[in-house]
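Peer 1: here's my sequence, what's the structure:
(2 chains)
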Amino acid sequence: MVRNCELCLERRAALRRPKTAQKICRECFYTAFETEVHEIIIKYQLFKEGERVAIAASGGKDSTVLAHVLTELNKRHSYGLDLFLLSIDEGITGYRDDSLETVKRNEVQYGIPLKIVSYKDLYGWSMDEIVGEIGLKNNCTFCGVFRRQALDRGAAMMKAQKLATGHNADDMAETVLLNLLRGDIARLSRCTAIVTGEDGALPRCKPFKYAYEKEIVMYAYFKKLDYFSTECIYSPNAYRGFVREFIKDLESIRPRAILDIIKSGESFRIIPTTKMPVQGNCERCGYISSQRLCKACVLLEGLNRGLPRLGISKAQSFQVSSDGNNDKRKNVVHERSKSRLVQHNIK
Amino acid sequence: MKCKQKAGQVLGNQTEPMCKDCLRLSLLSKFKTGLNHQGAVGGSDKVLVAFSGGPGSRLALQFLCELQSKLQDEAESCKDRNSAVFDVGVAFVDESGAQGIPLTDAQKTLDEIASVVAEVRPTPLPLHLTSLESLFENEVLELQASSKLHEDDNSGKDNKDKSRQRLIELLSRVEDQTGKEDLVEHMRMDALQRVAKHYGYTRVVLGLCTTRVAARVLAATAKGEGFALPAGIQYVDARWPVPVLLPLRDCVSKELSVLCHLTNLKTVFLKKMTAMGNSRASINSLTHSFISLINEENPSREYTIMRTAAKLIPFGFNKLAQDDSMLHFNGRPRNPHARRNLGRIEPCEIEVLCPICSAPLAKSDFSSLQPKVSVSDSFTRMSLEEAFEPSTSGIDSELLPSKIFRDVCCPSCQYQIIPDQSKDSVLELLPLMVQQRAAASLLRKEGWMREYIGDCLLESDE
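Peer 2: Numbering: from 1, shown residues only, chains lettered A, B, ... in the order given. Just a heads-up that it's a prediction; the model follows:
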């Protein structure tokens, strides 16, 4: 039986919207999806006219759709934004090199410039080399910490005033649950913010905060967007996988559960006396940090000194020194690491 | 081994090998900590244990009876005849009507429950058997009185049948499976409160353990109930006419089950609504399966979830009123340190509660409400207790329009119990006390709104 679109009542319905279960045509879906993102941008004042905005682009579905939608909306609603793509090359052979090719094609397709920043250039280590040291356990900690900082540094190099990331509603819900499961009350209180780092030099915003992952895939699929869809070869994280699977199950029972989790995250009453990290600056590189040294510097020092578990394992009482010489275990630093010591020069 | 005397039989606190006695001591100590919180049980209290047949409520009952007996012995040995010791009673809510279980099978369950309760101590414990459909019985009686149908000798049985039928009809009209399960849970609490109030109990003890609190936290998060979440997971929950205590909140279900098994405490396995369908049928069953799954990966995870949620700000009603607390089991004040640790007991802030689930509403959820019903000023001072008592409230809440009723419910109940398209059909079958609570909530909402705009009103009687 041919069913007409529930919104325009004219064209043939082509899909059931995951968020609302409405049976609608492609055109209405595009309009609904783009309008919702536009409304979020306006409601939360994510951008200001004339701002230079870096779109964090990995070549995956979220960032590709974000680049596409932001470019479209920028033209349609005359935001007056100066957009560019910012990619991080983590140095993962067989994964990032392929996805970067996608981003390079996006640069041409959307007509916006691309800047690629690599771990190797910034830190002297590629992820392949880090995994060689640390193994497959905890490597995501290095990648996550380094990427966050690399994005900031890349954006600073390009004089960006804002960074837009492709975090979607599923990611937000996943983070809320993970913080509950980990007991991280400090992060729980701020993980649902649509804009973070407003006090700093580079605020980050998430225009897809309320966009379902399934709708993003649907949008990319129907629009035939060019994106890279392979999972990172180093990211088999069973724990996060449990949570992701749980959210998928919840969504199948009640599609609005994803938005409800975000709503819960926003309305949790956090006790004011809960100890929150005090933001300062890293003594070594100047990056924002709640500790004397930022996490990236701690991890990097561990790598450079042959102690890759430094900053990961709480059980061992490693000491991180500002000059890097009075470590308890300096006698175990082997020559190979010394030779690879790369100065982490950050302006 | 904790005691370093006997061989370990079980891993307690996730990693500690324990013998039966050490496990018992460990759980009893946590139970006492929960019970002592805010001096929740005093010598003059009558404590009603909500017995489900499971290990949690079975142990709560056992521990309470042991504590009571010990305190009585102490009082007698000290010849301190004046020091009162709390009383214990048991209540069981029959949910067979909600599950479509035949009455004959339901009776067998009741007999089994009675036999388990009879074994707890030599002197019989008062056992109050009630059911979900009991919440409708007064209304059915009133209906019959008005239509003069009660002359029949079988009227008592008829009342029960009609109430049961109404319960089945009500639940069949709630389409969402999660909503159905939650409605049963809310009605269970209403039934318990009714019993507690009727028999003069001053505290209700639930056997809710860490595992179920963790599942409840995740389920509430997935239902968008983040704001109200802290209300139902504290040691004390005094939003009800009879305050509810969760002394087993820090004990995991595995340890409770193992202790019941090792000490040969009989439990009764009852099929709950959540266990009836498959694990993916409702948010509640899904979160239970998820908690089991993540516990396999890390057994302390359920503790972490519970403790994280416990860091959220509790509500005013999660503290007992000053005159209601500060006493130890035997009626004497606890040691001065305990007093000091309690800090300042603040007066209970008046919250607007959802009439169905009693969840506190966030102000942002009802700021758009336009009051459309006129209510007498005398009702603005209606207490929570009065809102629970249909016969004394005096509000003809059946006149409350469904739109207004829906507006005073929490977003979660609005979605899963009374969705827009079916609100009337569900509303007309809800127990009268729910309707009356809606009227009370409406008055509170108006009060809050008036307070909010008070500085802009030119006339005090506007």
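Peer 1: only C-alpha atoms from now on, for both contacts and neighbour counts.
Peer 2: Noted.
Peer 1: show me how far the lengthiest strand in chain A is from its chain's centre.
Peer 2: Counting by DSSP state E, the longest strand found in chain A is strand A:82-89. Per CA atoms, centre = their mean, to the nearest Å, the displacement of strand A:82-89 from the mean C-alpha position of its chain is 13 Å.
Peer 1: just stretch B:106-118 next, same as before
Peer 2: Counting by CA atoms, centre = their mean, stretch B:106-118 comes out at 21 Å from the chain centroid.
Peer 1: that stretch: which residues count as buried?
Peer 2: Neighbour-count burial for stretch B:106-118, counted by 16 or more other CA atoms under 10 Å in any protein chain shown, picks out B:A106, B:T109, B:L110, B:I113, B:A114, B:V116, B:V117.
Peer 1: for A:I185, give me its contacts.
Peer 2: By CA atoms under 8 Å, 6 or more residues apart in numbering or on different chains, the contact set of A:I185 is A:N179, A:I270, A:T274, B:T308, B:K311.
Peer 1: name the next helix or strand following the helix or strand encompassing A:T35 along the chain.
Peer 2: Per DSSP states H and E: A:T35 is located in helix A:26-43. Moving toward the C-terminus from helix A:26-43, the first helix or strand encountered (DSSP H and E) is strand A:52-56.
Peer 1: report the angle between the helix or strand that that following strand is followed by and strand A:82-89.
Peer 2: Next helix or strand after strand A:52-56 toward the C-terminus (DSSP H and E): helix A:61-76. Angle of helix A:61-76 versus strand A:82-89, following axes from the mean of the first three to the mean of the last three CA atoms, to 10 degrees, is 170 degrees.
Peer 1: list of residues touching helix A:61-76?
Peer 2: So helix A:61-76 is contacted by A:34, A:38, A:55-58, A:79-81, A:83, A:85, A:103, A:106, A:110, A:165-168, A:207-208, A:213, A:216-217, A:219-220, A:225-229 (CA under 8 Å, 6+ apart).
Peer 1: how about stretch A:257-266?
Peer 2: So stretch A:257-266 is in contact with A:169-170, A:172-173, A:176, A:188-189, A:191-193, A:210, A:247, A:250-251, B:221-227, going by CA under 8 Å, 6+ apart.
Peer 1: before we move on, which element is residue 129 in?
Peer 2: In the absence of a named chain, this looks at chain A. Counting by DSSP H and E, A:E129 is part of helix A:127-134.
Peer 1: my bad, the chain I had in mind was chain B
Peer 2: Going by DSSP H and E, B:L129 is in strand B:127-131.
Peer 1: sheet partners, orientation included, of that strand?
Peer 2: strand B:87-94 (parallel) (DSSP bridges).
Peer 1: packing partners of the next helix-or-strand element following the partner strand?
Peer 2: Per DSSP H and E, the first helix or strand lying C-terminal to strand B:87-94 is helix B:96-99. Secondary-structure packing of helix B:96-99 (3 or more CA pairs under 8 Å, 6 or more residues apart in numbering or on different chains; DSSP states H and E): helix B:155-173.
Peer 1: before we move on, the earlier item: how about the helix holding A:T35: buried residues?
Peer 2: For helix A:26-43, burial by neighbour count (16+ other CA under 10 Å) applies to A:R26, A:C28, A:F29, A:Y30, A:F33, A:E34, A:E36, A:V37, A:H38, A:I40, A:I41.
Peer 1: go on, stretch B:19-38?
Peer 2: Under 16+ other CA under 10 Å, the buried positions of stretch B:19-38 are B:19-24, B:26-28, B:30-31, B:33-38.
Peer 1: mind checking which of those are in helices?
Peer 2: Filtering those for membership in helices, criterion DSSP state H, returns B:20-24, B:26-28, B:30-31, B:33-36.
Peer 1: low-scoring pLDDT stretches of the stretch 101-250 of chain B, where are they?
Peer 2: Along the stretch 101-250 of chain B, segments meeting pLDDT under 70 span B:139-156.
Peer 1: how about 90 then?
Peer 2: Applying pLDDT under 90 to the stretch 101-250 of chain B flags the ranges B:101-105, B:121-123, B:136-162.
Peer 1: what does it put close to chain A?
Peer 2: Proximity of the stretch 101-250 of chain B to chain A (CA under 8 Å from any CA of the partner chain) is limited to residues B:L218, B:T221, B:A222, B:K223, B:G224, B:E225, B:G226, B:F227, B:L229.
Peer 1: please redo it, this time with the cut-off set to 6 Å
Peer 2: B:T221, B:A222, B:K223, B:G224, B:E225, B:G226, B:F227 (CA under 6 Å from any CA of the partner chain).
Peer 1: hang on, the earlier thing: buried ones among the contacts of helix A:61-76?
Peer 2: So, by 16+ other CA under 10 Å, the buried ones in those are A:34, A:38, A:55-58, A:79, A:81, A:83, A:85, A:103, A:106, A:165-168, A:207-208, A:213, A:216, A:219-220, A:225-228.
Peer 1: B:T202: neighbour count?
Peer 2: B:T202 has 21 neighbours, counted by other CA atoms under 10 Å in any protein chain shown.
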